[in-house]
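Colleague: generate coordinates for the sequence data below:
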Amino acid sequence: MELLAMLQDFFETLETIRERTTGRLITTYRAMSPMLVKIEGLVMNTNSGKAPKLAHYYQFWERKIYAAIKQVLSPLTASVRE
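Modeller: Predicted coordinates:
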């Protein structure tokens, strides 16, 4: 029974860390959109978030964000597999 309690504690801690990390990632992601639109406004004098001339710029940041999320979550998923 002690092993079961230890495992339960481990997975509860892992879930808490996952929730905290996911919450921070979501907050950061949501904060980036207005910043990108602000840059678009300064550069293109539009604020749609869809300026065709900035498509590559938006793709660049999407890839950077995805890579960062993957980097943060990879160790967590690897530790569960082990």
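
Colleague: where does the residue nearest to the spatial centre of the chain fall, secondary structure wise?
Modeller: When CA atoms, centre = their mean is applied to the chain, the residue found nearest the centroid is residue 25 (3.8 Å). Taking DSSP states H and E as the definition, residue 25 sits inside helix 2-44.

Colleague: packing partners for the very next helix or strand once past that helix?
Modeller: Remark: after helix 2-44, the chain's next helix or strand is helix 55-81, criterion DSSP H and E. With contacts taken as 3 or more CB pairs under 8 Å, 6 or more residues apart in numbering; DSSP states H and E, helix 55-81 sits against helix 2-44. (Each C-beta comes from the backbone N, C-alpha and C, glycine too.)

Colleague: recalculate using a threshold of 6 Å.
Modeller: Under the contact criterion of 3 or more CB pairs under 6 Å, 6 or more residues apart in numbering; DSSP states H and E, helix 55-81 touches no helix or strand at all.

Colleague: how far away from the center of its chain is that helix?
Modeller: Helix 55-81 has its C-alpha centroid displaced from the chain centroid by 7 Å (CA atoms, centre = their mean, to the nearest Å).

Colleague: correct me if wrong: residue 41 contacts residue 51.
Modeller: No: Residue 41 lies out of contact with residue 51 (CB atoms under 6 Å); the separation is 9.5 Å.

Colleague: looking at these two now, which is surrounded by more residues?
Modeller: In this view residue 41 and residue 51 are compared by other CB atoms under 10 Å, and residue 51 has more residues nearby, 19 against 14.

Colleague: can you tell me how far that one sits from residue 68?
Modeller: 24 Å (CB to CB, to the nearest Å).

Colleague: what of residue 43?
Modeller: Relative to residue 68, and taking CB to CB, residue 43 is found at 24 Å.
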